[in-house]
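S.K.: Coordinates for the following, if possible.
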Amino acid sequence: MDFQKLIESITPEIYNNLKRAVELGKWPDGSSLTAEQKKNSLQAIIAYDARHKSEEDRIGYIPPKVSKEPCSSKKGSSQDGSNNVNDEQPIKWQD
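M.R.: Okay, here's the model as predicted:
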């Protein structure tokens, strides 16, 4: 069976079992995953996610950072928009 057919045959129950096995490092019967089993299980989980889930719901998704400050309000910028990088700023030491 090729990899694509294997991924298509994975049910949500099998997916959850694979995910749990990788998380715990062992199969439901208590036997440890080998390095190759872990690698293959991770590939199957990622492929299943890509086929069946939206990007935001996939394993390992990190949302992009969105700046909440407008560019003109950053420190070091004057009101005319120029950067005053040569202005001296006091050093604040933490105790």
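
S.K.: Summarise which helices and strands the strand or helix carrying N40 is packed against.
M.R.: Assigned by DSSP states H and E, N40 belongs to helix 35-52. For helix 35-52, the helices and strands in contact under the criterion 3 or more CB pairs under 8 Å, 6 or more residues apart in numbering; DSSP states H and E are helix 3-8, helix 12-24. For glycine as for every other residue, the C-beta is placed from the backbone atoms N, C-alpha and C.

S.K.: for that helix, which positions count as buried?
M.R.: 37, 41, 44-45, 47-49 (16 or more other CB atoms under 10 Å).

S.K.: any idea how far Y15 is from the residue nearest to the spatial centre of the chain?
M.R.: The residue lying closest to the centre of the chain (CA atoms, centre = their mean) is G60, at 2.6 Å. Using CB to CB, to the nearest Å, G60 is found at 15 Å from Y15.

S.K.: Same question for Q43.
M.R.: 13 Å.

S.K.: Could you tell me the model confidence score at the closest residue to K38 other than its chain neighbours?
M.R.: Nearest residue to K38, sequence neighbours excluded (CB to CB, 6 or more residues apart in numbering): V22, at 6.0 Å. Predicted confidence (pLDDT) for V22: 94.
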